[in-house]
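Peer 1: have a look at this prediction, sequence included:
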Amino acid sequence: MVGRARRRLYFWLAGCFTISLVCLVLLRSPPQPPSHSDPKLANRLSDVRKKENLNRYTQQELYAIADREDLSEKLAAGVQINNLVRGVKRLSLYISSQLPVLHDYVAGAEPQQRLAWRIPDLLQHIDVQQSSLLDRLESLKHLESHKALRGELQKLSNSVQDRISKLQNPANCTTARKLKCDIHKRCGFGCQFHHVVYCLMASYSTQRTLILDSSSWAYDRANGWDGLLMPVSGSCSLDDAHDTTPWNESTIFLENRTVHLPYIDDLSTQPAFLPLHVPKEIHSQIRRVHDFPSVWWVGQFAKYLFRFQKEMGEQVKKAETEISFTSNVVGIHIRRTDKLITEASFHALDEYMAEVEKHYRHFPNTTELRNIYLATDDVEVLNEARKRYKQYDIIGSGEIARSADVANRYSSSSLAGLLQDIYFLSRCDFLVCTLTSHVCRLAYELMNAYPEDASDKIHSIDAPYYFGGGVKEQYIAVHAHKASWKDQIDLNVNDIVEVLIDYRNGYYLGFNKNTSKKGSFPSYKIERV
């Protein structure tokens with residue numbers, strides 16, 4: 001029986017490998033959209049003309065109508081392909097984590113009767129995941145290329161950036177409704193930057209111009225926020241923040257008043273704009289082109305704030321040229337020094353590099369040098385990486401690492417180095433870091449603010465993505481699950497779930513809000529709401 005089960009397992013693994021190859025073919029050679037000279041398109045235009053009674057339209061206008069239909073198909077195809085890739089990755093994680101366990105059973109580490117139970121259970125999970133992937137592959141036969149996703153994401157981002165810019169630059173600041181925000185928080189740069197992100201999201205939701213008070217900011221005391229970053233408003237300053245009233249649910253509607261926003265931790269209620277909430281009117285637009293609307297939405301506000309002054313921008317461009325920062329780069333952020341004392345657990349360099357190795361296994365035939373951008377506040381981490389991992393080109397600055405030391409980090413030059421690190425981390429093809437770090441989360445948010453869905457281009461060593469003080473991301477169960485181990489929980493279709501830990505082995509630790517139970521379950525059985 002065991003022999004037959006093992007042969008069956010190998011058969012399924014071969015099938016999974018075949019699916020992966022098909023996915024690669026689809027991604028490398030997407031179907032080309034028909035040209036306007038295509039006879040099929042001509043027939044389609046004729047059908048559109050008859051169906052919609054559009055005889056009064058010109059041929060050019062009819063082409064525009066057909067193009068809009070083509071765009072919808074392309075966007076749907078892009079989403080399907082992205083979901084398919086994620087499914088393949090989840091299946092790969094599940095198999096790679098379970099086979100070593102199976103090996104231990106076969107080697108006699110567990111009783112034979114448990115082996116007889118373990119293999120069918122493993123096969124059942126693989127079978128469900130494979131069926132789901134095959135269904136998605138089948139749907140791709142009727143859809144076109146997903147190239148339009150980038151264009152649609154860019155349009156959506158441009159629209160949001162334009163709205164923020166108009167709100168932040170009123171024609172008459174005296175009569176504009178304003179929101180005042182202080183950045184005197186006793187925490188690091190990433191934490192304070194996220195505080196300003198929260199402030200800008202509040203101003204957008206309440207349609208008030210954000211005025212930032214950085215007069216007592218710990219970083220770059222001589223110049224404040226505007227020393228290296230662009231002002232949050234080009235037409236309003238701190239001098240315009242007069243007649244201030246404290247924040248509450250009623251004061252936000254007052255005209256000609258400046259409302260003072262408290263820290264996110266001091267809010268007595270949870271307002272609708274609190275991240276990770278996304279406004280209903282735009283959530284559906286984001287969801288059709290991006291798998292993680294919440295991080296995309298936060299990323300848009302981070303993108304607006306993360307604009308460099310001319311001198312800072314020139315510094316980054318110069319560094320980009322000097323280090324030949326191109327493609328195929330994995331970004332690593334490793335925080336040491338005081339972070340280990342106050343907030344984070346220690347994670348060895350090997351833990352990060354193991355994930356880098358996994359990432360590069362997806363590119364076995366690449367002739368490019370494997371590049372790593374390593375950002376850290378400990379120069380010894382850089383030295384260790386270059387000594388032990390010589391097969392990689394380790395890009396990183398010892399000078400920036402030394403300036404990030406506790407004694408120097410509040411200087412203008414140290415802040416410039418940190419901004420440079422965050423910029424390059426956000427431009428990497430893949431990130432390995434700890435999402436308990438504000439810097440890691442900021443780089444991930446900015447990565448997703450670019451016109452590409454980068455929601456799965458990260459591995460967190462310690463925690464899933466979250467926004468400090470905000471609401472948790474909601475997931476929905478798309479497959480039922482019956483707990484087979486004592487540490488697992490049941491899932492029913494449509495149960496709402498919060499993810500607590502991504503074990504990166506095909507399983508999540510989560511909380512089922514419908515049953516109030518906490519436990520693990522296969523990751524492929526839930527999707528973001």
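Peer 2: Noted; the coordinates are in hand.
Peer 1: so Tyr373 is in which element?
Peer 2: strand 371-376 (DSSP states H and E).
Peer 1: which residues touch that strand?
Peer 2: Contacting residues not belonging to strand 371-376 are listed as 325-326, 328-336, 356, 381-382, 385, 389, 392-396, 400-401, 404, 421-422, 424-425, 428, 439 [C-beta atoms under 8 Å, 6 or more residues apart in numbering]. The way it works is simple: take the backbone N, C-alpha and C, and place the C-beta from them, glycine included.
Peer 1: adjacent strands (with direction) for it?
Peer 2: The pairing partners recorded for strand 371-376 under DSSP bridges are strand 329-334 (parallel), strand 393-395 (parallel).
Peer 1: returning to that earlier point: make a PyMOL selection of the buried ones in the contacts of strand 371-376.
Peer 2: A single PyMOL command selects the buried members of the contacts of strand 371-376 (16 or more other C-beta atoms under 10 Å):
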select buried, resi 325+329+330+331+332+333+334+335+336+356+381+382+385+389+392+393+394+395+396+400+401+404+421+422+424+425+428+439
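Peer 1: out of the contacts of strand 371-376, which sit inside helices?
Peer 2: Cross-referencing those against helices under DSSP state H gives Val356, Val381, Leu382, Ala385, Ile400, Ala401, Asp421, Ile422, Phe424, Leu425, Val439.
Peer 1: weakest of the strands paired with strand 371-376 by average pLDDT?
Peer 2: Among the strands paired with strand 371-376, strand 393-395 carries the lowest mean pLDDT, at a mean of 93.
Peer 1: could I get the strand holding Tyr373 in CSV with only the CA atoms?
Peer 2: The C-alpha trace of strand 371-376 is given here as CSV (Å, rounded to 0.1, in the frame of the first residue of the first chain):
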residue,chain,number,x,y,z
ASN,A,371,22.9,40.7,-7.1
ILE,A,372,21.9,41.6,-3.5
TYR,A,373,21.3,45.1,-2.2
LEU,A,374,22.0,44.8,1.5
ALA,A,375,20.8,47.6,3.8
THR,A,376,21.8,47.4,7.5
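Peer 1: relative to the whole chain's centre, how far out is it?
Peer 2: Between the centre of strand 371-376 and the centre of its host chain there is 19 Å, according to C-alpha atoms, centre = their mean, to the nearest Å.
Peer 1: and it, which residues are buried?
Peer 2: Neighbour-count burial for strand 371-376 [16+ other C-beta under 10 Å]: Asn371, Ile372, Tyr373, Leu374, Ala375, Thr376.
Peer 1: cool, stretch 258-278 as well?
Peer 2: Residues Thr258, Val259, His260, Leu261, Ile264, Leu267, Phe273, Leu274, Pro275, Leu276, His277, Val278 are the ones in stretch 258-278 that count as buried (16+ other C-beta under 10 Å).
Peer 1: and for Arg257, the neighbour number?
Peer 2: When neighbours are counted by other C-beta atoms under 10 Å, Arg257 registers 17.
Peer 1: three-state assignment of the nearest residue to it once chain neighbours are set aside?
Peer 2: Leaving aside its sequence neighbours, Arg257 sits nearest to Thr245 (C-beta to C-beta, 6 or more residues apart in numbering; 5.5 Å). Using DSSP: H, G, I helix; E, B strand; the rest coil, the structure places Thr245 in strand.
Peer 1: does Thr245 touch Asn256 like I think?
Peer 2: No: at 10.9 Å, Thr245 does not count as touching Asn256 under the criterion of C-beta atoms under 8 Å.
Peer 1: the two: which is more packed in?
Peer 2: Per other C-beta under 10 Å, whichever of Thr245 and Asn256 has more neighbours is Thr245, with 14 against 10.
Peer 1: for the helix or strand harbouring Phe511, packing partners?
Peer 2: For Phe511, the host element (DSSP H and E) is strand 507-512. For strand 507-512, the elements it packs on are strand 496-502, strand 517-522, judged by 3 or more C-beta pairs under 8 Å, 6 or more residues apart in numbering; DSSP states H and E.
Peer 1: of all those strands, which one is nearest Ser284?
Peer 2: Taking C-beta to C-beta, strand 496-502 is the member of those nearest to Ser284, at 18.4 Å.
Peer 1: quickly run through the sheet partners of that closest one, with directions.
Peer 2: strand 475-477 (antiparallel), strand 507-512 (antiparallel).
Peer 1: buried stuff in it?
Peer 2: Within strand 496-502, the residues that qualify as buried are Val497, Glu498, Val499, Leu500, Asp502, counting by 16+ other C-beta under 10 Å.
Peer 1: ok and that strand relative to strand 517-522, angle-wise?
Peer 2: Interaxial angle of strand 496-502 relative to strand 517-522 (axes from the mean of the first three to the mean of the last three C-alpha atoms, to 10 degrees): 70 degrees.
Peer 1: determine how far strand 496-502 lies from the middle of the whole chain.
Peer 2: Centroid displacement of strand 496-502 relative to its chain, using C-alpha atoms, centre = their mean, is 16 Å.
Peer 1: in strands only, show me the buried residues of stretch 258-278.
Peer 2: Applying DSSP state E to these, the entries found in strands are Thr258, Val259, His260.
Peer 1: tell me what the last one is bridged to.
Peer 2: Which is His260. Going by DSSP bridges, His260 forms beta bridges with Lys180, Pro246.
Peer 1: show me what contacts it?
Peer 2: Lys180, Cys181, Thr244, Thr245, Pro246, Trp247.
Peer 1: swap in 10 Å and give it another go.
Peer 2: Going by C-beta atoms under 10 Å, 6 or more residues apart in numbering, His260 touches 178-182, 211, 213, 241, 244-247, 251.
Peer 1: among the helices and strands packed on strand 507-512, which comes closest to Trp297?
Peer 2: Of all the helices and strands packed on strand 507-512, it is strand 496-502 that lies closest to Trp297, at 18.1 Å by C-beta to C-beta.
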